[in-house]
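A.B. asks: Mind looking at a prediction? Sequence and model below.
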Amino acid sequence: MAGQWDIFCAVVDNYGDIGVTLRLARQLVAEQGVAVRLWVDDLRSLQPLCPATSLTEPQQWLEGVEVRAWTVEATADVVPGEVVIEAFACELPATFIAAMAAQPRPPLWLNLEYLSAEDWVAGCHALPSPQPSGLRKFFFFPGFTEGTGGLLREGDLLACRDALQADVAARTAFLERLGVTLQAGARLISLFAYENTGLGEWLEAMAGGEEAVQLLVPQGRIQAQLQDWLGVAAMQPGQVWQRGCLQVQLLSFMEQGDYDRLLWCCDFNAVRGEDSFVRAQWAARPLLWHIYQQAEDAHWDKLEAFLGLYVEGLSEPAALALLGLWRAWNAGQGMGPAWQVLQPHWLELAEHARQWSARKAAYPDLATALAQFYRNSLSCAA
Ligand code: TRH
């Protein structure tokens, strides 16, 4: 499928907005054959995920994607592509909308929504909304079930994962490249989270537990609390601390592909937001989600909706253990007992994570679903 697509990303905070749009843009180029212009209003958020990013170039090509610094002026003289995606309800410049409306065949206009497992999502997916410009905008919802837009998943992702997970030497070499020396017999855990008052309790439980745990923590918002718990004034990437059975290592924030590989290598991944949450599911290993907090605690409905889907098929004790852990982490308390309750269920949770990933991979991925939606829109218009 040839053609030009525009994706607009306004960075609200953190890395999720850019993480999702970069991944989508890359996959559309590589697998759907379209040219993608990714408009980003804050290149500083892109650079950690994609270190080749220049902060000063208003137009650059990164991994096949044309990345444009998004200013109203920069969009002024551009002919809109056949498909225009505004990510997460970011507002397009009025001049760009006018240019869209002025096209002989106006672009397909989509708003890519945030991911949610809630029931209403399938009912709202792909609904049009008439706009004052006379154009229609469609709401495109990623999701976990039939009738949604699916999840971002590159065509070769699971094969690459399986290859690395099956190859001890490649795994060891990859981790060594990150500066990690595997501790024989230790449970390998990655930790990416927002500030969390439950952290100390969890670390205590791991330090005082019966098995060795190796905890890998990419630099980020949890660092200050980690530092307090360790009783150190500063942390440098690469440094290692031992407390009881727990070894903690701070890692540099890594480019997106390496972060995927880290998730594949670990036995358990604590993730957050949206994109790392999905990537941890594709890692096919048990996970712990720190959900992005919303006003009036709206995120709890989202958390429970996902848990409702995810625990299906688990034995009751394993489901209860997982529910307890996820709720404790998101409440910021009770991680000690919840971690202990989880311990007998590792094998079942690991098998379940593999099955979950396989079941979700049976649905079309988000980029394929978008391309199909566009093709359908063409045949409707014909
Ligand atoms: O960074 P996040 O918390 O992002 C978001 C945003 O806050 C957004 O506004 C909010 O609405 C959304 O969450 C729900 O978490 P997320 O989505 O997991 O994005 C992190 C990205 O960073 C993801 O693409 C993975 C990437 N990453 C790396 O590339 N290297 C790393 O070392 C790490 C730890 C993450």
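C.D. replies: Noted; the coordinates are in hand.
A.B. asks: Every contact and neighbour count from this point should use C-alpha atoms.
C.D. replies: Will do.
A.B. asks: Show me what from the stretch 251-382 of the chain comes close to the ligand.
C.D. replies: 253-256, 259, 272-277, 292 (C-alpha under 6 Å from any ligand atom).
A.B. asks: Please report which of those residues has the highest neighbour count.
C.D. replies: Of all these, the highest neighbour tally under other C-alpha atoms under 10 Å goes to S276, namely 24 neighbours.
A.B. asks: That one sits in which helix or strand?
C.D. replies: Here S276 sits within helix 275-282, counting by DSSP states H and E.
A.B. asks: what packs against that helix?
C.D. replies: Judged by 3 or more C-alpha pairs under 8 Å, 6 or more residues apart in numbering; DSSP states H and E, helix 275-282 is in contact with helix 16-32, helix 256-265, strand 268-272, strand 287-290, helix 346-360.
A.B. asks: between that helix and helix 346-360, how big is the angle?
C.D. replies: 100 degrees (axes from the mean of the first three to the mean of the last three C-alpha atoms, to 10 degrees).
A.B. asks: Would you mark the buried spots in stretch 33-40?
C.D. replies: Within stretch 33-40, the residues that count as buried by 16 or more other C-alpha atoms under 10 Å are 34-40.
A.B. asks: what is the mean pLDDT for that stretch?
C.D. replies: Mean pLDDT, computed over stretch 33-40, is 98.
A.B. asks: so A52 sits right up against L62, yeah?
C.D. replies: Yes. Applying C-alpha atoms under 8 Å, one finds A52 in contact with L62, separated by 7.2 Å.
A.B. asks: circling back to that earlier point, is it possible to export the residues of the stretch 251-382 of the chain next to the ligand to TSV including pLDDT and distance to R285?
C.D. replies: Below are these laid out as TSV (pLDDT from 0 to 100; distance: C-alpha to C-alpha, whole Å):
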residue	pLDDT	distance to R285
F253	98	21
M254	98	20
E255	97	21
Q256	97	18
Y259	98	14
R272	98	15
G273	97	18
E274	97	17
D275	98	16
S276	98	13
F277	98	12
Y292	96	21
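A.B. asks: Isn't A212 up against R187?
C.D. replies: Yes. The pair A212 and R187 passes the contact test of C-alpha under 8 Å, sitting 6.3 Å apart.
A.B. asks: neighbour-wise, which of those two wins?
C.D. replies: Legend: neighbour count by other C-alpha under 10 Å for A212 and R187, higher for A212 (19 against 16).
A.B. asks: Tell me the spacing between G208 and H125.
C.D. replies: Distance of G208 to H125, given as C-alpha to C-alpha, to the nearest Å: 47 Å.
A.B. asks: For the two, indicate the residue with more neighbours.
C.D. replies: The neighbour comparison of G208 against H125 (other C-alpha under 10 Å) goes to H125, with 19 against 15.
A.B. asks: who's in contact with the residue in the stretch 1-150 of the chain positioned nearest to the ligand?
C.D. replies: The minimum distance from the stretch 1-150 of the chain to the ligand, using C-alpha to the nearest ligand atom, falls at G16 (3.1 Å). Each residue near G16 by C-alpha atoms under 8 Å, 6 or more residues apart in numbering is listed here: 273-275.
A.B. asks: if we can go back for a sec, go through the residues of the stretch 251-382 of the chain next to the ligand and name the one nearest A371.
C.D. replies: Distance to A371 across these (C-alpha to C-alpha) is lowest for D275, with 20.2 Å.
A.B. asks: list the buried ones in stretch 239-249?
C.D. replies: Within stretch 239-249, the residues scored as buried using 16+ other C-alpha under 10 Å are 240, 244-249.
A.B. asks: Which single one of those is nearest to the ligand?
C.D. replies: Using C-alpha to the nearest ligand atom, the shortest approach to the ligand within these belongs to Q249, at 13.1 Å.
A.B. asks: Identify the residues contacting the nearest residue to the closest one once chain neighbours are set aside.
C.D. replies: Spatial nearest neighbour of Q249, excluding adjacent residues (C-alpha to C-alpha, 6 or more residues apart in numbering): V240 at 4.5 Å. The neighbours of V240, taking C-alpha under 8 Å, 6+ apart as the test, are 247-250.
A.B. asks: low-scoring stretches of this protein, by residue?
C.D. replies: Where the chain drops to pLDDT under 70, the residues are 382.
A.B. asks: mind giving me the domain split of it?
C.D. replies: Following automatic domain parsing, one gets these domains for the chain: 4-151+364-381, 157-361.
A.B. asks: can you give me how far the shortest one is from the chain middle?
C.D. replies: Per C-alpha atoms, centre = their mean, to the nearest Å, the displacement of domain 4-151+364-381 from the mean C-alpha position of its chain is 16 Å.
A.B. asks: In strands only, show me the contacts of V240.
C.D. replies: 247-250 (DSSP state E).
A.B. asks: Switch those residues over to CSV; also include distance to the ligand.
C.D. replies: What follows is the ones in strands among the contacts of V240, written out as CSV (distance: C-alpha to the nearest ligand atom, whole Å):
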residue, distance to the ligand
Q247, 18
V248, 15
Q249, 13
L250, 11
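A.B. asks: Quick check: nearest residue in space to E195, chain neighbours excluded?
C.D. replies: I222 (4.9 Å).
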